[in-house]
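Asker: Structure for the following, please:
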Amino acid sequence: MATKPKFLQGQLLLDSGQLGGSFFQRTVVLICQHNAEGAFGLVLNRALGKTVGEMIVADLPDLLKESPLFLGGPVQPSALSFLHTDSFIPDADVLPNLALGHSLDDLLEIGGGFSPTKKVRLFAGYAGWSAGQLESEMKRKSWLTHPASVQLVFEIPPEQLWQKVLHDKGGWKNQLLAQMPDDLSLN
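Answerer: Got it, this is the predicted structure:
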């Protein structure tokens, strides 16, 4: 009997320590979509050091203009994606109360509405895997997985996210990995 493939939508992928020297070194990727045809994710902990208003030429609400822009991955760095949450999003498609968007019109609608519980994070580019590619990387143990949550996406400072999730996972290997310096020659 064939086993059903395990899709990772709604999971975080963490560099397992084997991706040193690559774009994905010490990244945390939220898998937004995953099926037999491939996977789509956004790197949560790579801020570009610029605001959305500095990078996107559009008449955006101030709340969005002043938001930091993140590098979602190495694929199509000019492609816009965003994650948003609010107290209740009935059509959330990543996690409960967490939705993915790509349309500037949708972003303007979300940014223009008032809600004290609304949060939005914008990304340039994305991480993408073709059919079977992510599964192959998982077999090589390139990635660790951890359940995603709205709190991890929006409330943990991005520069602390990789270490925080490793600590949350527990186990001495994860604790050791979280404490390793970026450059092992400095050890």
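Asker: CA only for contacts and neighbour counts going forward, please
Answerer: Noted.
Asker: Residue 97 reaches residue 117, doesn't it?
Answerer: No. In this structure, residue 97 is not within contact of residue 117 by CA atoms under 8 Å, at 11.2 Å.
Asker: Pull up the overlap in contacts between the two.
Answerer: 85-87 (CA atoms under 8 Å, 6 or more residues apart in numbering).
Asker: Pick the one among those residues closest to residue 127.
Answerer: Lowest distance from residue 127 to these (CA to CA) belongs to residue 85, with 20.8 Å.
Asker: Please report how far the closest one lies from residue 56.
Answerer: 21 Å (CA to CA, to the nearest Å).
Asker: Who has more neighbours out of these two?
Answerer: Neighbours were tallied for residue 85 and for residue 56 using other CA atoms under 10 Å; the higher tally belongs to residue 85 (22 against 14).
Asker: The helix ranked longest in the chain - contacts with which helices or strands?
Answerer: Counting by DSSP state H, the longest helix found in the chain is helix 158-169. Packing contacts for helix 158-169, counted by 3 or more CA pairs under 8 Å, 6 or more residues apart in numbering; DSSP states H and E, involve helix 172-179.
Asker: mind listing what's buried in the helix it packs on?
Answerer: The neighbour-count check on helix 172-179 (16 or more other CA atoms under 10 Å) flags 174-175, 177-178 as buried.
Asker: Next, format those residues as a markdown table and append pLDDT and distance to residue 164.
Answerer: Below are the buried residues of helix 172-179 laid out as a markdown table (pLDDT from 0 to 100; distance: CA to CA, whole Å):
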| residue | pLDDT | distance to residue 164 |
| --- | --- | --- |
| 174 | 85 | 10 |
| 175 | 86 | 10 |
| 177 | 86 | 11 |
| 178 | 85 | 8 |
